[in-house]
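Colleague: give the three-dimensional model of this entry:
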Amino acid sequence: MENAKTFRTEPHAVVAVQGYFDIVWILYSFRGRLSLGMAWIAVLLTIASWVLFLAITISASAVFPVAKGCSFLFPYIIAWNGLAVGAKRFHDLGLPGWFVLSGLIPGIGIPFLFYNIGVRKGKRAVNRYGTDPRLIWPLATFNDRATH
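Modeller: Modelled structure (predicted):
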């Protein structure tokens, strides 16, 4: 990681970013903040990985029956991705990551999550969860260029 850029996103965590973003951090970590644009990129990565996994599982299960048995893990991985991305989006809004569990509220949970995670822009200042991600990743601002 010689040419990796290092940014302090919160007092106790340092995120090393290769280029503009770190996919493992985006999809699996609950720390820090994630901009609206990067959240949509994470959703697209998750959908692509779901399709790829299904294709591999279907083709490999004909040759290796064990592959079909491993497929039960993938929904849990997808759920973890969704929770991690959602928590970082709520951090970007200045709210605790636990708000991602509001999706369990019948009737209003899913629309509340969709609005806050997929539509609402984050705070443009440093908050207790870290630096504004649009200051760190130039690619994270692609959804803001037309309005700012």
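
Colleague: okay, the spatially most central residue of the chain and R120: tell me how far apart.
Modeller: Most central in the chain under Cα atoms, centre = their mean is V85, positioned 2.8 Å from the mean C-alpha point. Per Cβ to Cβ, to the nearest Å, V85 is found 14 Å from R120. C-beta here means a position set from N, CA and C on the backbone, and glycine is covered the same way.

Colleague: pretty sure the residue nearest to the centre of the chain is touching S29, no?
Modeller: No: at 9.8 Å, V85 does not count as touching S29 under the criterion of Cβ atoms under 8 Å.

Colleague: so which residues of this structure form helices?
Modeller: Applying DSSP state H to the chain gives helices spanning 23-28, 36-63, 65-70, 74-92, 109-118, 133-136.

Colleague: least reliable of those helices going by mean pLDDT?
Modeller: Among those, helix 65-70 carries the lowest mean pLDDT, at a mean of 69.

Colleague: how about the helices of the chain in TSV, adding distance to W98?
Modeller: Formatted as TSV, these follow (distance: least, Cβ to Cβ, whole Å):
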stretch	distance to W98
helix 23-28	18
helix 36-63	17
helix 65-70	31
helix 74-92	8
helix 109-118	13
helix 133-136	20
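
Colleague: most distant residue from the centre of the chain?
Modeller: Outermost residue of the chain (Cα atoms, centre = their mean): V63, 33.7 Å.

Colleague: how close does R33 sit to L93?
Modeller: 9 Å.

Colleague: any shared contact partners between these two?
Modeller: G122 (Cβ atoms under 8 Å, 6 or more residues apart in numbering).

Colleague: quick one, which of those two is more surrounded?
Modeller: Shown here are R33 and L93; by other Cβ atoms under 10 Å, R33 has more neighbours (27 against 18).

Colleague: phi, psi of that one?
Modeller: phi -130, psi 150 (degrees, to the nearest 10).

Colleague: residues near the residue nearest to R33 when sequence neighbours are not counted, how many?
Modeller: Excluding its sequence neighbours, the residue lying closest to R33 (Cβ to Cβ, 6 or more residues apart in numbering) is D92, at 4.2 Å. D92 has 28 neighbouring residues, counting by other Cβ under 10 Å.

Colleague: rewinding a little: nearest to S102, of the helices of the chain?
Modeller: Among these, helix 109-118 comes nearest to S102, with 5.3 Å by Cβ to Cβ.
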